[in-house]
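1. I'll drop the sequence and a predicted model, then ask my questions.
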Amino acid sequence: MTQLIQSDQDGVCRAAAILRSGGLVAMPTETVYGLAGDATNDRAVAAIYEAKGRPNFNPLIVHVAGVAQLEGLVQLSKSAKQLANAFWPGPLTLVLPLAEGAQVSPLVTAGLKTLAVRVPAHPAAQSLLHEFGGGLAAPSANPSGRVSPVNAAHVMDGLGGRIDAVLDGGDCEIGLESTIVGFETAVGGQRALLLREGGITREALVDVLGDRQDLLTAPTSDEKSVQTITAPGQLASHYAPLGAVRINVKEPEPGETFVGFGAMACDLNLSKTGDLAEAAANLFRHFHKLDAMGATRIAIAPVPNSGLGRAINDRLRRAAAPRNNDQGTR
Ligand code: TXA
Ligand code: MG
């Protein structure tokens with residue numbers, strides 16, 4: 001049985017107690033819901049992989065209440081500190097060198113010498129992390145290969161019965177996963193690498209990192225071309241609804257369920273006013289709706305490729321990419 005827990009003071013205490021005893025709690029964040037477990041507890045972390053059906057070569061993000069909690073866990077370079085100051089708490093994940101003797105289950109890093117860390121802004125996540133007092137490993141709270149959940153009901157649909165509890169923090173404000181930035185030590189300085197587009201735009205990163213030492217490398221949807229640091233989770237069909245997806249469609253074909261952007265006739269609209277933040281918040285919500293509707297053929301209108309539109313288009317390309325057979329697609 002999976003308990004649905006309200007995110008009031010009492011609920012947060014109960015959720016923290018479950019986590020301390022090695023259990024799993026889905027926690028709301030401003031990006032998507034995460035499936036949290038004690039990052040120092042091998043059995044809890046193994047249970048995360050098991051509940052998601054995630055291949056264990058794919059490492060997890062450790063969530064902490066604030067940058068002070070990263071002491072002894074990772075090494076923060078100057079550039080990393082700049083980004084942390086600018087965007088935490090918020091939808092940014094930094095991949096950093098693991099500190100020597102760091103107290104973290106090796107299952108979290110899947111054997112890498114780096115650790116992905118993030119300070120989430122959602123008030124319920126903040127309360128839970130303060131109450132728990134340590135780092136929480138948390139991938140998105142969906143079965144592996146399926147769409148990330150952006151409300152508690154989505155988590156229940158995907159993982160109900162397989163985890164201990166869901167802390168209900170309402171709808172996720174951003175609705176897309178965090179932006180992931182890693183660093184590559186190159187001759188003459190450090191290069192920041194954009195490993196996953198997400199809630200912080202490339203433009204905002206460049207504003208902070210805009211000195212000569214730091215160069216942002218173009219993100220890729222092809223995991224093979226990220227060389228020094230890889231984000232193995234960037235598998236092509238990672239964010240797909242169950243139905244077949246066509247993107248950049250201006251005229252849907254008969255029988256297709258049409259997802260629009262801007263003022264147009266369609267079945268579901270990402271944003272009638274053409275607002276990219278609203279479209280980002282609606283994207284996975286609409287994917288979940290399409291699944292619930294039983295849509296088998298889905299056409300999606302073009303979305304401008306600037307600001308948050310880059311992260312939206314990244315997810316759309318993955319949703320439209322050829323699929324593995326083991327993902328239960330229709
Ligand atoms: O918004 C988010 O980031 C959400 C919320 C819950 O925080 N979490 C999330 O986690 O999207 P997940 O596991 O679904 O995606 C994390 C990505 C994966 O693609 C993983 O491969 C990559 O981060 N990653 C984790 N540790 C890494 C590392 N040390 N080096 C490179 N990539 C890493
Ligand atoms: Mg995920």
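-> Thanks, I have it. Residues are numbered from 1 along each chain as shown. Ligands and ions are numbered 1, 2, ... in the order given.

2. for Ser225, give me the pLDDT.
-> If you check Ser225, the pLDDT there is 34.

3. kindly report the same for Arg191.
-> Predicted confidence (pLDDT) at Arg191: the value is 83.

4. buried set for whichever strand or helix holds it?
-> In the assignment (DSSP states H and E), Arg191 maps to strand 189-196. Buried positions in strand 189-196, judged by neighbour count with 16 or more other Cβ atoms under 10 Å: 190-196. Using the backbone N, CA and C atoms, a C-beta is placed for each residue, glycine as well.

5. got any ranges where this structure has weak pLDDT?
-> For the chain, the stretches with pLDDT under 70 are 56-57, 185-189, 211-238, 324-330.

6. dump stretch 271-288 to CSV, restricted to CA.
-> C-alpha atoms of stretch 271-288 as CSV (Å, rounded to 0.1, in the frame of the first residue of the first chain):
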residue,chain,number,x,y,z
SER,A,271,-0.5,27.4,-24.3
LYS,A,272,-3.2,29.3,-26.1
THR,A,273,-1.3,32.5,-25.7
GLY,A,274,2.0,31.1,-26.9
ASP,A,275,3.6,31.4,-23.4
LEU,A,276,6.6,29.0,-23.1
ALA,A,277,6.6,28.7,-19.3
GLU,A,278,2.9,27.7,-19.5
ALA,A,279,3.7,25.2,-22.3
ALA,A,280,6.6,23.7,-20.2
ALA,A,281,4.2,23.3,-17.2
ASN,A,282,1.6,21.7,-19.5
LEU,A,283,3.9,19.4,-21.5
PHE,A,284,4.0,16.3,-19.3
ARG,A,285,0.5,17.0,-18.0
HIS,A,286,-0.7,16.7,-21.6
PHE,A,287,1.4,13.5,-22.2
HIS,A,288,-0.3,11.9,-19.1
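
7. check whether that stretch contacts ligand 1.
-> No: under the criterion of Cβ under 6 Å from any ligand atom, ligand 1 is not reached by stretch 271-288; the shortest gap measures 11.2 Å.

8. what about the strands in the protein?
-> Assigned by DSSP state E, the chain shows strands spanning 3-6, 25-27, 34-38, 61-63, 92-97, 114-118, 136-137, 165-168, 179-186, 189-196, 244-246, 257-260, 268-269, 297-300.

9. export these to a markdown table and tack on distance to Ser148?
-> Below are the strands of the chain laid out as a markdown table (distance: least, Cβ to Cβ, whole Å):
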| stretch | distance to Ser148 |
| --- | --- |
| strand 3-6 | 19 |
| strand 25-27 | 11 |
| strand 34-38 | 9 |
| strand 61-63 | 13 |
| strand 92-97 | 14 |
| strand 114-118 | 14 |
| strand 136-137 | 16 |
| strand 165-168 | 14 |
| strand 179-186 | 14 |
| strand 189-196 | 12 |
| strand 244-246 | 16 |
| strand 257-260 | 17 |
| strand 268-269 | 18 |
| strand 297-300 | 17 |
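
10. so for Ala311, which of those sits nearest?
-> Closest of the strands of the chain to Ala311 is strand 179-186, at 7.3 Å (criterion: Cβ to Cβ).

11. can you give me the buried ones in that closest one?
-> 179-183.

12. any idea how far Leu276 is from Thr31?
-> From Thr31 across to Leu276, the span is 15 Å (Cβ to Cβ, to the nearest Å).

13. those two - which one has more neighbours?
-> Per other Cβ atoms under 10 Å, whichever of Thr31 and Leu276 has more neighbours is Thr31, with 29 against 20.

14. quick check on that one: phi, psi?
-> Backbone geometry at Thr31, expressed as degrees, to the nearest 10, gives phi -90, psi -70.

15. give the contact list for it.
-> By Cβ atoms under 8 Å, 6 or more residues apart in numbering, Thr31 lies in contact with 91, 120, 172, 174-178, 198-199.

16. look up how far Thr296 lies from it.
-> Going from Thr31 to Thr296 by Cβ to Cβ gives 29 Å.

17. likewise Asp275?
-> In this view, Asp275 and Thr296 are 29 Å apart by Cβ to Cβ.

18. residues contacting the nearest residue to Pro28 once chain neighbours are set aside?
-> Among residues not flanking Pro28 along the chain, Gly169 sits closest, at 2.7 Å (Cβ to Cβ, 6 or more residues apart in numbering). By Cβ under 8 Å, 6+ apart, the contact list for Gly169 reads 7, 27-28, 122-125, 152.
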